[in-house]
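S.K.: Quick one: sequence and predicted model below, then my questions.
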Number of protein chains: 2
Amino acid sequence: MATRSKRTLKEPAKETPVEKARYHHGDLRQALVDAAVALISEEGFNALTLREVARRAGVTHAAPYRHFADKEALLEAVALEGFRTMSREMRERMATAAQGPLDQLCAAGVAYVLFAVRHPPHFRVMFGPHFNHRLQIDEPEGEANAFELLVRCIGSGQAAGLLRDGDPRALTLTAWSLVHGLASLFVDRQLEEAVQGLEAAEALAQVQTHLLITGLAHPGAGGNSDSR
Amino acid sequence: MATRSKRTLKEPAKETPVEKARYHHGDLRQALVDAAVALISEEGFNALTLREVARRAGVTHAAPYRHFADKEALLEAVALEGFRTMSREMRERMATAAQGPLDQLCAAGVAYVLFAVRHPPHFRVMFGPHFNHRLQIDEPEGEANAFELLVRCIGSGQAAGLLRDGDPRALTLTAWSLVHGLASLFVDRQLEEAVQGLEAAEALAQVQTHLLITGLAHPGAGGNSDSR
DNA sequence: ATGCAATGTTTACCCTGTCTACATAGGGAC
DNA sequence: GTCCCTATGTAGACAGGGTAAACATTGCAT
């Protein structure tokens, strides 16, 4: 078994072509997840087929059933990977941002949108209509975590008198709706003609979160929009 | 041919059971669209099957191909019906709202969210990942129309000095993102535990659009939040 | 009435999800 | 090292679905 264990989303991690004809794959489960993501990305959602996924992983069409109960379980694995990566990217960007709660909030929002733009298949699976039963993410790094990130930021902002008062959950929902809506419009190609490329998307996300945050700012607070 | 032509989304329009055994259906095309929507609503997206749709419409599994090139074409028809209904519902609610641009904007946003909550299958198809080629809605009542509704509202608000200055397209995108995000979170059952029922959803949409609009209000303008 | 175009039916093909029985490999007990 | 158990991959089968081709029926225009 390879020592590389914590796979990251960014590097597809080439197989070493030496050990090609082995009966056991080594890490078929992750290979299947990767193949599914690549397939969605290249051919679209309708082309996502367990058999084609298996084909790309170099195994027979029934092999995936050793690792996933059914097609939906594979999608759940993709979604879980997405939730983990998203919350990690949000935390990373928040860590490099300035320390003010408003800047942190802005960083979280931009990271949310950027995750969607960079990983559309994951985002689509995470929030798409593919699961009949509500996706249960009880892990410490799940979606709830990303949401709680926002809640805490907004709570801090209110405590510091930088954000307008009111139910912090309502403000958080506002922020979440904005970034989720923007991300969805990107991913579902509703904004294609307006924005091209990562930089443009990032700039737009920046503008939007700034707009929102200055909108939600406490009327009495001075504008400390220092991240530009 | 029946005289009823402009079908509405709200009344499923029972078939008259007298003319049951006719070879020609009468309005199979619309019946197929209705059946598809009902099927998605009842059994979920994965259960959407051309054959089951045909079954529900009382025809053989190949009959739909006389009206739709393929499954995707049927979904396009569902989406088109959704865009038409959505923009109509937005216009209706805006018409009954007070005349101020801000109230109109709020009405449009609430109508957007309410459409999604009331017609989840349509909303999902309209914005879901089901189309490979970008959906082309060139009709006067398409999505562009709904978007332009927002743009005009915001332009009026700016002209009246009620909304902060800046690129009206940016402000419109903010508003659209917020309501689209909120609607998506509703439809994708991300907010199920928080909100139950139409009234709660409407109240939440109202709160959110108010939050956004007061946020985007011109700093110098007095708060004329008269719709409460 | 008659013939054509529109609409529904039958049949057939290949692909997909999934189940079952079988094959192989790798690791621990001895 | 040998034996055996379990994890993992393979082969084959079956039902259901998308879609194309050929056929049947109807309504309408002439």
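M.R.: Ah, there it is. Residues are numbered from 1 along each chain as shown, chains lettered A, B, ... in the order given.

S.K.: Find the centremost residue of chain A, please.
M.R.: A:Met86 (3.6 Å; C-alpha atoms, centre = their mean).

S.K.: so that residue sits right up against A:Ala146, yeah?
M.R.: Yes. With contact defined as C-beta atoms under 8 Å, A:Met86 counts as touching A:Ala146 (6.0 Å). Backbone N, C-alpha and C define where each C-beta goes, glycine included.

S.K.: overlap in contacts of these two?
M.R.: A:Tyr112 (C-beta atoms under 8 Å, 6 or more residues apart in numbering or on different chains).

S.K.: Can you list the buried residues in the helix or strand A:Leu75 falls within?
M.R.: Under the criterion of DSSP states H and E, A:Leu75 resides in helix A:71-96. Buried positions in helix A:71-96, judged by neighbour count with 16 or more other C-beta atoms under 10 Å in any protein chain shown: A:71, A:74-91, A:93-94.

S.K.: Near DNA strand C, list only the ones from those residues.
M.R.: A:Lys71 (C-beta under 7 Å from any atom of the strand).

S.K.: helices and strands of chain A: which one has the lowest mean pLDDT?
M.R.: helix A:143-159 (a mean of 84; mean pLDDT, DSSP states H and E).

S.K.: Which neighbouring elements make contact with that one?
M.R.: Here helix A:143-159 touches helix A:71-96, helix A:101-118, helix A:168-187, going by 3 or more C-beta pairs under 8 Å, 6 or more residues apart in numbering or on different chains; DSSP states H and E.

S.K.: re the thing from before, is the helix holding A:Leu75 positioned near DNA strand D?
M.R.: No. Judged by C-beta under 7 Å from any atom of the strand, helix A:71-96 makes no contact with DNA strand D; its nearest approach is 13.0 Å.

S.K.: Run the chain-centre distance for that helix.
M.R.: 5 Å (C-alpha atoms, centre = their mean, to the nearest Å).

S.K.: tell me the angle it makes with helix A:143-159.
M.R.: 30 degrees (axes from the mean of the first three to the mean of the last three C-alpha atoms, to 10 degrees).

S.K.: Show me what helix A:71-96 packs onto, helices and strands only.
M.R.: Helix A:71-96 packs on helix A:28-43, helix A:50-57, helix A:101-118, helix A:120-127, helix A:143-159, going by 3+ C-beta pairs under 8 Å, 6+ apart.

S.K.: per the record, what domains does chain A have?
M.R.: Annotated domains of chain A cover A:28-66, A:78-216 [automatic domain parsing].

S.K.: now the helices and strands packed on helix A:143-159 in TSV, with distance to A:Leu32?
M.R.: Putting the helices and strands packed on helix A:143-159 into TSV (distance: least, C-beta to C-beta, whole Å) gives the following:
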stretch	distance to A:Leu32
helix A:71-96	6
helix A:101-118	21
helix A:168-187	23
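
S.K.: Now render those as a markdown table, adding mean pLDDT.
M.R.: Converted to a markdown table, the helices and strands packed on helix A:143-159 look like this (pLDDT from 0 to 100):
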| stretch | mean pLDDT |
| --- | --- |
| helix A:71-96 | 94 |
| helix A:101-118 | 95 |
| helix A:168-187 | 93 |
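
S.K.: for the ones you listed, which one sits closest to B:Gly157?
M.R.: Between B:Gly157 and the helices and strands packed on helix A:143-159, the tightest spacing by C-beta to C-beta is seen for helix A:168-187, at 18.3 Å.

S.K.: Quick one: list the elements packing against the closest one.
M.R.: helix A:101-118, helix A:120-127, helix A:143-159, helix A:197-216, helix B:168-187, helix B:197-216.

S.K.: Just the angle for the third one relative to helix A:168-187, thanks.
M.R.: Going back to what we said before, that points to helix A:143-159. 120 degrees.

S.K.: got it, and the fourth one?
M.R.: Between helix A:197-216 and helix A:168-187, the angle comes out at 150 degrees (the same axes, to 10 degrees).

S.K.: Other residues contacting helix A:197-216?
M.R.: Taking C-beta under 8 Å, 6+ apart as the rule, helix A:197-216 contacts A:102, A:105-106, A:109-110, A:113-114, A:117-118, A:163-164, A:171, A:174-175, A:178-179, A:182, A:186, A:195, A:223, A:225, A:228, B:170-171, B:173-174, B:177-178, B:211-212, B:214-216.

S.K.: avg pLDDT for that helix?
M.R.: The predicted model assigns helix A:197-216 a mean pLDDT of 91.

S.K.: Could you figure out how far it is turned away from helix A:101-118?
M.R.: Going by the same axes, to 10 degrees, helix A:197-216 makes 150 degrees with helix A:101-118.

S.K.: how about helix A:197-216: buried residues?
M.R.: A:201-202, A:204-216.

S.K.: Likewise for stretch A:39-46?
M.R.: A:Leu39, A:Ile40, A:Phe45.

S.K.: In contact with the second one, which residues?
M.R.: The contact partners of A:Ile40, by C-beta under 8 Å, 6+ apart, come to A:Ala47, A:Leu48, A:Pro121, A:Arg124, A:Val125.

S.K.: Counting neighbours, which of those residues end up buried?
M.R.: A:Leu48, A:Pro121, A:Arg124, A:Val125.

S.K.: coming back round to it: how about the helices and strands packed on helix A:143-159, which one is nearest B:Tyr65?
M.R.: Nearest to B:Tyr65, of all the helices and strands packed on helix A:143-159, is helix A:71-96, at 26.3 Å by C-beta to C-beta.
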